[in-house]
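J.: Got a predicted structure plus its sequence, pasted below:
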Amino acid sequence: MIDIQVNKRLFAKLDKMEETLDDELEDKLFAIANDAVRFTLGSNRKGKPAVRTGAYLASFSFGVGAGRPRSKHSHRYRDSNPAATALAGLTADIKRADLKNTTKITLRNGSSYANNVEYGWSGGTSGYYIFAKLRRLHG
C-alpha cells in the first residue's frame, strides 16, 4: 500500500494564481482596447483626423480564431459617440472570449479602408499607423 498526502493549500494557491493571471490578461486587453480608441481619436495628419464618421472606430474587434471582423461602412454610418460604441464592442468581445482556453486573441479592424488608415492612401498621403503605435506600446 502507498499513502500519498495531498496538500490542499497548494491547490488553493494554484487556483489563486490562475485567477490572477486571468485578471491580468483581461486588464491587458482592456488597455489595448482603450489605447486603440485613444490613438485613433488623437491621430491627426495635416488637419485631417482618422475618425470622421465613427465607422473605423466601430470596426475594431477582438477575434479568437477564424471569423469575420466587425465592419462598419462610413457612407451609411454615423455615431454621435464613436469612442463609447467602440469600447462597448471591444469590451463585449473580451467578456465573450474564453481566455482560459484561448492561445491567441487578435485585435483587428474590419473597416473596408483600414489598410488606408494604417498605411496611407494612394497619391503619397501617409497613414495614421494606429496598429504600429499599439504594437510599439503593447508588443
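T.: On my side now, so go ahead. Numbers count the residues shown, from 1 in each chain.
J.: Buried residues in stretch 106-121, which are they?
T.: 107, 108, 109, 110, 111, 114, 117 (16 or more other CB atoms under 10 Å). The C-beta positions use only the backbone N, C-alpha and C, and glycine is treated the same way.
J.: Next step: the residues you listed restricted to strands.
T.: Counted as lying in strands by DSSP state E, out of the buried residues of stretch 106-121, are 107, 108, 109.
J.: which residues of this structure fall in strands?
T.: Going by DSSP E, the chain shows strands at 44-45, 48-49, 60-63, 106-109.
J.: Give me the contact list for the third one.
T.: With CB atoms under 8 Å, 6 or more residues apart in numbering as the contact definition, strand 60-63 has outside contacts at 29, 33, 36-37, 69-70, 86, 89-90, 93-94, 97, 105-110.
J.: run the last query once more with 10 Å
T.: 29, 32-33, 36-37, 40, 67-72, 85-87, 89-94, 96-97, 104-111, 114, 130 (CB atoms under 10 Å, 6 or more residues apart in numbering).
J.: what do you get for the last one?
T.: Outside strand 106-109, the residues that touch it by CB under 10 Å, 6+ apart are 29, 32-33, 35-36, 40, 56-65, 67-72, 86, 90, 93, 114-115, 117-118, 130-131, 134-135, 138.
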